[in-house]
Every structure is written in C-alpha cells, then in structure tokens.
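K.L.:
coords please:
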Amino acid sequence: MRAGFEDWEFFLSLLETQPDAHIGIVPEPLLEYRTAPASSNIQSMSKRLDLMRFLIEKHLSSYQAHLTDALLSLESISMTRLDGWEAEMRHALQAGQRRRKGQVAHAG
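P.N.:
All right, here's what the predicted structure looks like:
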C-alpha cells in the first residue's frame with residue numbers, strides 16, 4: 001500500500017501470520033509522531049473509506065472474526081462521546097440560565 005494506512009496493514013498482516021504476536025496500547029507516549037500537510041497520513045483522509053474497504057476486503061476473515069467486539073467498542077466510544085456532549089449542553093444551558101437570572105436581577 002502506498003496511499004496510506006500502511007501501519008494498519010502491517011499490524012493486520014502481523015497478527016494474521018504470527019500466532020504469538022500481540023499488539024497493545026502503552027499508557028504513555030514512547031515516541032513523537034509528526035505529520036506535515038503533505039504527508040500520506042493527511043492526504044489519505046480524503047480516501048479513508050476506500051482504503052478501509054480495501055483493508056477489510058483483504059483481511060476479511062480477521063474482520064469477520066472480530067466484528068462483534070469491534071462494533072461494540074465503537075458503540076462504547078459513541079456513548080462516551082454522547083455523554084460528554086450532553087454534559088457540555090447541560091452546562092451551557094445552566095450557564096445561560098444563570099446569566100439571564102443575573103440580568104433580570106440587575107434590571108429590577
């Protein structure tokens with residue numbers, strides 16, 4: 001792959017060909033990763049869906065084997081983001097109500 005997502009492709013291939021391979025998330029950054037506006041990572045965003053379709057089709061059995069867990073993880077992320085958004089909206093509404101009460105008190 002030369003259009004982006006090469007790291008994703010590498011890790012999928014590694015997991016499929018090396019039964020003892022393990023990929024995890026470390027709690028702290030181990031390196032600094034910079035991107036430039038012309039980098040393949042940035043440019044690939046316009047082709048993201050096409051690249052993801054290619055990877056899914058190429059590694060279909062892996063995606064099928066883990067589809068339920070992947071979808072539930074996405075749903076969990078969506079729920080967390082929605083909870084955060086709702087909390088921000090409640091805070092903004094409460095702040096607006098306090099400002100209006102303060103304006104009414106000054107006007108009276």
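K.L.:
Could you use CA atoms for every contact and neighbour count after this?
P.N.:
OK.
K.L.:
hey, which helix is longest across this structure?
P.N.:
The residue-count maximum for a helix in the chain (DSSP state H) belongs to helix 67-107.
K.L.:
Which strands and helices lie in contact with that one?
P.N.:
Applying 3 or more Cα pairs under 8 Å, 6 or more residues apart in numbering; DSSP states H and E, we find helix 67-107 packed against no helix or strand.
K.L.:
any idea how far it is from the chain center?
P.N.:
19 Å (Cα atoms, centre = their mean, to the nearest Å).
K.L.:
Let me see the domain layout of the chain.
P.N.:
1-18+35-65, 68-108 (automatic domain parsing).
K.L.:
any idea which helix or strand comes after the helix-or-strand element of the chain with minimal mean pLDDT?
P.N.:
Taking mean pLDDT, DSSP states H and E as the measure, helix 40-43 is the helix or strand of the chain with the lowest mean score, a mean of 58. Sequence-wise, the next helix or strand downstream of helix 40-43 (DSSP states H and E) is helix 48-58.
K.L.:
got the buried residues for that next one?
P.N.:
R48, L51, L55 (16 or more other Cα atoms under 10 Å).
K.L.:
List just the nearest of those residues to E88.
P.N.:
Taking Cα to Cα as the measure, E88 lies nearest R48 of those, at 29.5 Å.
K.L.:
quick one: low-confidence parts of this protein?
P.N.:
Along the chain, segments meeting pLDDT under 70 span 1-3, 35-45, 104-108.
K.L.:
rerun at 80
P.N.:
Applying pLDDT under 80 to the chain flags the ranges 1-4, 33-46, 101-108.
K.L.:
about what we covered before: which of the domains of the chain sits most buried?
P.N.:
Among the domains of the chain, domain 1-18+35-65 has the highest mean neighbour count (mean count of other Cα atoms under 10 Å), at a mean of 13.
K.L.:
chain center to that domain, what's the gap?
P.N.:
The answer for domain 1-18+35-65 is 14 Å, by Cα atoms, centre = their mean.
K.L.:
again, but for stretch 15-26
P.N.:
20 Å.
K.L.:
can you list the residues that contact it?
P.N.:
F11, L14, S62 (Cα atoms under 8 Å, 6 or more residues apart in numbering).
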